[in-house]
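S.K.: Sequence first, predicted coordinates after that:
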Amino acid sequence: MQSIERINLTNLKKCNQFWDEMTPNERGRVCEKCQNTIIDFRNLTDKEVAEIHVFSKGKVCGLYNKEQLELKKPVKKKKRFTSIYIGLLGILSSVNAEGKEKTAPVKVEQVEPDYTNQNPKRTNVNFNNNIVKDSILITGRLTDEDGEELIYATVHIKGTTIGTSSDFYGQYSLNVTKQMEKENEITLVYVYTGYETQEVTIKKSDILDNKKVINVVFSYGRLTGFVVEKKRPLHKRIWSGIRNIFRKKK
């Protein structure tokens, strides 16, 4: 079953409230400014962070570590076997050259095998069949209004936790086979931090050849989450302490 593994948090804005000055509660701490619960995400996995943001109703604010707020791009694998391949190619070339000098070229004719004569029961066999032939896939590309690909935008089936994230090209692929077997239609929810959430309803009749392409363009929307700092900077803490001393004297 597909699930949302990560989201892009780089669009979150900083809040002017501070974690150390908030009152603890069961889920985290309470922001005195908006009375919203602030969640401590620092020890949660990428999957847990993603699910809280995607499936929570309303604004999500939290305390994060630096790595969680960064967008990690995949490292391109180096071609480790390039030199080995070149060496083998040189050896094979020399062997082929010697072979041409000693033997006459052989003409090879490729013939398509005839399975019907060997086994009459296999007359109607389709050799292109595979184990995923009945899978129903929704694919597409997720972009913003400027045409830029959105990395780790998410799409999930409404009412479930089944979903996926877009890759570094803004492309996604979601398997909806089980849901389409139960329902005549499903609703897909597209979410990206800082953009308007979109919903698309799909009927069984809309799907051709077990595939459907849905490209979504996200529009800028209201922010649905903020980042809080752990504590005030040192110089602000010192200044705040000095002000409190004079206030007490008055």
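M.R.: Structure's in. What do you need? Residues are numbered from 1 along each chain as shown.

S.K.: Give the bridge partners for Cys61, please.
M.R.: Residues in a beta bridge with Cys61, per DSSP bridges, are Ile38, Phe226.

S.K.: Helices along the chain, start to end?
M.R.: Ranges of helices in the chain, per DSSP state H, are 46-55, 82-102, 115-118, 177-182, 234-249.

S.K.: per-stretch mean pLDDT over those, give me the minimum one.
M.R.: For the helices of the chain, mean pLDDT drops lowest on helix 115-118, to a mean of 42.

S.K.: tell me the domain ranges of this structure?
M.R.: Using automatic domain parsing, the domain parsing of the chain gives 13-74+129-246, 82-122.

S.K.: For the protein, name the helix or strand with the lowest mean pLDDT.
M.R.: When the helices and strands of the chain are scored by mean pLDDT, DSSP states H and E, helix 115-118 comes last with a mean of 42.

S.K.: gap between Glu185 and Lys231?
M.R.: The gap separating Glu185 from Lys231 is 50 Å, by Cβ to Cβ, to the nearest Å. To be clear about C-beta, it is placed using only N, CA and C from the backbone, and glycine gets the same treatment.

S.K.: again, but for Leu223
M.R.: Using Cβ to Cβ, we find Leu223 at a distance of 23 Å from Lys231.

S.K.: And for the closest residue to Gly221 other than its chain neighbours, the neighbour number?
M.R.: Nearest non-adjacent residue to Gly221, counting by Cβ to Cβ, 6 or more residues apart in numbering: Glu196, 3.6 Å away. Using other Cβ atoms under 10 Å, Glu196 has 13 other residues around it.

S.K.: who's in contact with the closest residue to Lys59 other than its chain neighbours?
M.R.: If the residues on either side of it in the chain are set aside, Lys59 comes closest to Thr224, at 5.3 Å by Cβ to Cβ, 6+ apart. Contacts for Thr224 were tallied using Cβ atoms under 8 Å, 6 or more residues apart in numbering; they are 58-60, 193-194.
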